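Kindly generate the corresponding structure for this input.
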Amino acid sequence: QVRGYVQAGRTKQKGHHIRGTRIDRVAAAVDAVRHPVTGEIVCYAALQDPANWSDCVPINLFGIGNASQEAIDYLTGLDAGTVVSTPVFFTDSGFSKGRTLNYVSSEDKITSTEVEQDLIDFSIDGELAQGWAGPISAAFGLHYRDESILQFAFDHSNPSGGPDARPAMFDPSVVRANPVGMSERTTAIQFASVPNLDGGFDVTEAFAEFMIPLVSGKPGIESLTSTLAARWIDYSASGSIQAWKGGLDWQVGDAWRVRTTVSRDIRAATLAERFDLTGGTVNVLDPNVGIIVPTGTYSGGNPDLKPEEADTRTVGMVFQPVKVPGFQMSLDWYEINLSGAVGQFGAQVIVDECWNFPTSAACDLMNRDANGVITFIRNIYVNINAAKASGVDLETAYRIDTGAGSWMWRFVATQLNENSITNLGAPRVDRAGDVGTLSLPELKVTRSLTYNRGPISAFLQGRFIDGGLLDWRDIEGITIKDNLDHSALYWG
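Numbering: from 1, shown residues only. Below you'll find the predicted structure:
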């Protein structure tokens, strides 16, 4: 059978940040004093620098309704009618693309986003040949996809969208007590750090898959089937890579089936993981000085990301006895070794990693000045060196119908043997047993009983979560007790 299709998609979106709070004016407006001559309440900044702050409107934030409408208008929305003509800064390429923006501003900060995706897919599948134990099936295919994103932020407080703009940073002798959380922002509108984006990638894929019966109708081997698959992928942003899979499915008899797979799986970074970068500030505990300090930060996209690669092995069995209808049980072991995992460390983890392991690549994601003060942290997506997970899953279910209704009993247990990460330049850390921050208990069991009769249904469930550390970074001995909770639900 031959299949194929062509698809073109365009998504355009315009977002309005309506009357956002002006963080470049808040500190000045709340710093209200009496005019030394007239006695009226004015902004302190207007007295110190009337050339730039004569329009400042003081605001009273204490009590409902005490803020005047003039003050609210002063502290919300951009300046409508501002003529803007500027080159555009993009997060992945700076000003090199030569794009410009020309517009007249409105009160709203406006974001215009256009995402495009074009793809072509062709495949052919069917019976390839008659084998010694049954028909050999195969599938072959080609796939091409092109994705791009173009996004502009219309914001006259940072016209180009560059990361170095600080519209709320002022002379502290004029604007007093301006929080670093405001002064380090790259936009004058609170909660509106939206970047300009212009990026994309294309991918070409070719695949082949085979299902080959190996044995059929033999004592102890009702059927034995092999599955093989291979895929070649070429990413414009990161080059070529291969994925593959091999598996065996052995039907022992009417009741028993054994299965196993070995595979190399891949995942490429998304458009957001590559290009969606925002700026702002963050507070981190600096072990160099032992106190929490504010610093500037980027968070998000990294166009240099490589695809993730995972080597997976599974072995399992299924038991479904003919003589006990409604009963089935499955037991599976798995091991996943992931290299180049895409993720973010988090600002605090970057600081801690670099402090504890000075040769870690996490140190490339932060800057300190000559005095050892943290000046910037790049909390961007990176290819974490490695991650590994392994464990065993057991599931049992039994359904029985009686004249008085039907009953369903289920038992699900998961044994987590390992859930580790190895960050760049740092030692391996196994987080299995963290039952607080990450919810990764070594043993988790759920059992349930459901009863149904017409419009009536009742459900009883019990869950067991093994004891462990509240945080994998805690010292051994700081644990919580085993947890058991029951629930019942009735409706009719």
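
can you give me the end-to-end distance of stretch 68-81?
Chord length of stretch 68-81, first to last residue, is 24 Å (CA to CA, to the nearest Å).

Which positions within that stretch qualify as buried?
Within stretch 68-81, the residues that count as buried by 16 or more other CB atoms under 10 Å are 71, 74-78. Using the backbone N, CA and C atoms, a C-beta is placed for each residue, glycine as well.

Tell me which other helices or strands the longest helix belonging to the chain touches.
Looking across the chain with DSSP state H, the single longest helix is helix 347-356. When contacts are defined as 3 or more CB pairs under 8 Å, 6 or more residues apart in numbering; DSSP states H and E, helix 347-356 sits against strand 277-286, strand 366-368, strand 374-380.

okay if I get those as a markdown table plus mean neighbour count, distance to residue 417 and mean pLDDT?
Formatted as a markdown table, these follow (neighbours: other CB atoms under 10 Å; distance: least, CB to CB, whole Å; pLDDT from 0 to 100):
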| stretch | mean neighbour count | distance to residue 417 | mean pLDDT |
| --- | --- | --- | --- |
| strand 277-286 | 19 | 32 | 80 |
| strand 366-368 | 17 | 34 | 88 |
| strand 374-380 | 20 | 31 | 87 |
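
looking at those strands, which is closest to residue 40?
Of all the helices and strands packed on helix 347-356, it is strand 277-286 that lies closest to residue 40, at 34.5 Å by CB to CB.

Give me the distance between that closest one and the centre of its chain.
Its chain's C-alpha centre lies 18 Å from the corresponding centre of strand 277-286 when counted by CA atoms, centre = their mean, to the nearest Å.

how about the longest helix of the chain: buried residues?
Buried residues in helix 347-356 (16+ other CB under 10 Å): 347-354.

State the mean pLDDT of that helix.
The predicted model assigns helix 347-356 a mean pLDDT of 88.

between it and strand 277-286, how many degrees?
Angle, helix 347-356 to strand 277-286, by axes from the mean of the first three to the mean of the last three CA atoms, to 10 degrees: 50 degrees.

What count of nearby residues applies to residue 276?
Look at residue 276: counted by other CB atoms under 10 Å, it has 20 neighbours.

Just give the closest residue to the residue nearest the centre of the chain, not the sequence neighbours.
For the chain, the residue nearest the mean C-alpha position is residue 343 (7.3 Å; CA atoms, centre = their mean). Leaving aside its chain neighbours, residue 343 sits nearest to residue 384 (5.2 Å; criterion: CB to CB, 6 or more residues apart in numbering).

who's that neighbour bridged to?
residue 341 (DSSP bridges).

give me every residue that touches the closest residue to residue 269 other than its chain neighbours.
Leaving out its chain neighbours, the residue that sits closest to residue 269 by CB to CB, 6+ apart is residue 305, at 4.0 Å. Neighbour list for residue 305: 237-238, 269, 273-274, 342, 381-383 [criterion: CB atoms under 8 Å, 6 or more residues apart in numbering].

What is the most widely separated pair among the residues you listed?
Farthest apart among those by CB to CB are 237 and 382. That separation is 15.0 Å.

These two: which is more packed in?
A direct count of neighbours by other CB under 10 Å for residue 237 and residue 382 places residue 382 higher, at 24 against 17.

Got phi/psi on the residue nearest to residue 269?
Here is the backbone geometry of residue 305 (degrees, to the nearest 10): phi -60, psi 140.

and what of residue 275?
Torsion angles at residue 275 (phi, psi; degrees, to the nearest 10) stand at phi -120, psi -20.

if I look at it, how far off is residue 196?
Counting by CB to CB, to the nearest Å, the gap from residue 275 to residue 196 is 10 Å.

again, but for residue 339
Distance from residue 339 to residue 196, by CB to CB: 32 Å.

Which one of the two is surrounded by more residues?
Neighbour totals were compared for residue 339 and residue 196, and residue 196 leads with 24 against 16 (other CB under 10 Å).

which residues does that one contact?
Contacts of residue 196 by CB under 8 Å, 6+ apart are 88-91, 151-153, 161.

Confidence-wise, which of those comes last?
residue 91 (76).

residue contacts, that one?
195-197, 275-277, 300-301.

Okay, now the unreliable bits of the stretch 1-150 of the chain?
Applying pLDDT under 70 to the stretch 1-150 of the chain flags no residue at all.

And the strands in it?
Along the stretch 1-150 of the chain, the segments classed as strands by DSSP state E, counting those that start in this stretch run 2-17, 32-34, 41-43, 83-87, 100-104, 109-130, 135-154.

which of those sits most buried?
Highest mean neighbour count of the strands of the stretch 1-150 of the chain: strand 41-43, a mean of 20 (counted as mean count of other CB atoms under 10 Å).

same for it, what does it pack against?
In terms of contacts (3+ CB pairs under 8 Å, 6+ apart), strand 41-43 is packed against strand 32-34.

Direction included, what does the strand it packs on pair against?
In the sheet, strand 32-34 lines up with strand 41-43 (antiparallel) (DSSP bridges).

for the strand it pairs with, the distance to its chain's centre please.
Distance of strand 41-43 from the chain centroid (CA atoms, centre = their mean) equals 46 Å.

Contacts made by it with the rest, please.
28-29, 31-35, 53, 56-58.

again, but for stretch 251-259
220-224, 247-250, 314-322.

Filter the contacts of strand 41-43 down to the buried ones, ChimeraX style.
Buried members of the contacts of strand 41-43, defined by 16+ other CB under 10 Å, are picked up in ChimeraX with:
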select :28,29,31,32,53,56,57,58
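
Now the contacts of strand 41-43 in JSON lines, please, with extra columns for distance to residue 106.
Output for these, formatted as JSON lines (distance: CB to CB, whole Å):
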{"residue": "28", "distance to residue 106": "23"}
{"residue": "29", "distance to residue 106": "22"}
{"residue": "31", "distance to residue 106": "29"}
{"residue": "32", "distance to residue 106": "29"}
{"residue": "33", "distance to residue 106": "33"}
{"residue": "34", "distance to residue 106": "36"}
{"residue": "35", "distance to residue 106": "33"}
{"residue": "53", "distance to residue 106": "24"}
{"residue": "56", "distance to residue 106": "22"}
{"residue": "57", "distance to residue 106": "21"}
{"residue": "58", "distance to residue 106": "26"}
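
got JSON lines for the buried residues of helix 347-356, with distance to residue 209 too?
Shown next, in JSON lines, are those (distance: CB to CB, whole Å):
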{"residue": "347", "distance to residue 209": "44"}
{"residue": "348", "distance to residue 209": "45"}
{"residue": "349", "distance to residue 209": "40"}
{"residue": "350", "distance to residue 209": "42"}
{"residue": "351", "distance to residue 209": "47"}
{"residue": "352", "distance to residue 209": "45"}
{"residue": "353", "distance to residue 209": "41"}
{"residue": "354", "distance to residue 209": "45"}
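
chain center to stretch 215-232, what's the gap?
Stretch 215-232 has its C-alpha centroid displaced from the chain centroid by 38 Å (CA atoms, centre = their mean).

Report the mean per-residue pLDDT for it.
Per-residue scores along stretch 215-232 average to 94.
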